[in-house]
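[1] whatever this is, show me its structure:
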Amino acid sequence: MLDLAFFTDEVARDDFDASVRQGVEAGANATELRGGLYGKKIQDISDEDAKRIAATLRRHGAKVGAIGSPFGKCDHTNPEEVAAHHRIFERMAALARLFGTPIIRGFAFWAPARRGERGPRPKIEDCLDEEASGNSGRPWIVYDLNDIC
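    Numbers count the residues shown, from 1 in each chain. The predicted model follows:
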């Protein structure tokens, strides 16, 4: 069965409960959690927040279809940013397991200083080694390729 999901923060940014209720009333059965999560973004929620979110979803008969993470939305030439995003990925993987979804949305890294320049696609394989190695049983990353340099 195909799930119909929606970004909860695009329905009712400041009211997660109302967002889930409205999404389900419109026919969706799943959400992509990104922001508007009781005033927090997905990368900022605690385990207690996650339990509250899961309870709200259950109450409305919905589930998490994907984690809408910011993973990879950083300058791939900046080692500190890349390291921070590896830590974000680990948290997103833990949340994906907690919510029972195999999908984490991420981005394909970029070099903001080169935005607008035409040229070959930057090499990002080195940025993804940790996520790609030993992926057995781990969530999949679905990349948003709209921001490629």
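[2] all helices for this protein, in order.
    16-25, 47-60, 79-99, 125-132 (DSSP state H).
[3] these into a markdown table, with extra columns for distance to Ala108 and mean neighbour count?
    Any C-beta I mention is one placed from the backbone N, CA and C, and that applies to glycine too. Formatted as a markdown table, the helices of the chain follow (distance: least, Cβ to Cβ, whole Å; neighbours: other Cβ atoms under 10 Å):
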| stretch | distance to Ala108 | mean neighbour count |
| --- | --- | --- |
| helix 16-25 | 28 | 18 |
| helix 47-60 | 26 | 15 |
| helix 79-99 | 12 | 17 |
| helix 125-132 | 9 | 14 |
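[4] and those helices: which comes nearest Met1?
    Closest to Met1 of those is helix 16-25 (Cβ to Cβ; 15.7 Å).
[5] helices or strands up against the closest one?
    With contacts defined as 3 or more Cβ pairs under 8 Å, 6 or more residues apart in numbering; DSSP states H and E, helix 16-25 has these neighbours: helix 47-60.
[6] okay if I get the helices of the chain as a markdown table plus distance to Ala66 and mean pLDDT?
    Listed next are the helices of the chain as a markdown table, based on distance: least, Cβ to Cβ, whole Å; pLDDT from 0 to 100:
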| stretch | distance to Ala66 | mean pLDDT |
| --- | --- | --- |
| helix 16-25 | 14 | 97 |
| helix 47-60 | 13 | 98 |
| helix 79-99 | 8 | 92 |
| helix 125-132 | 16 | 62 |
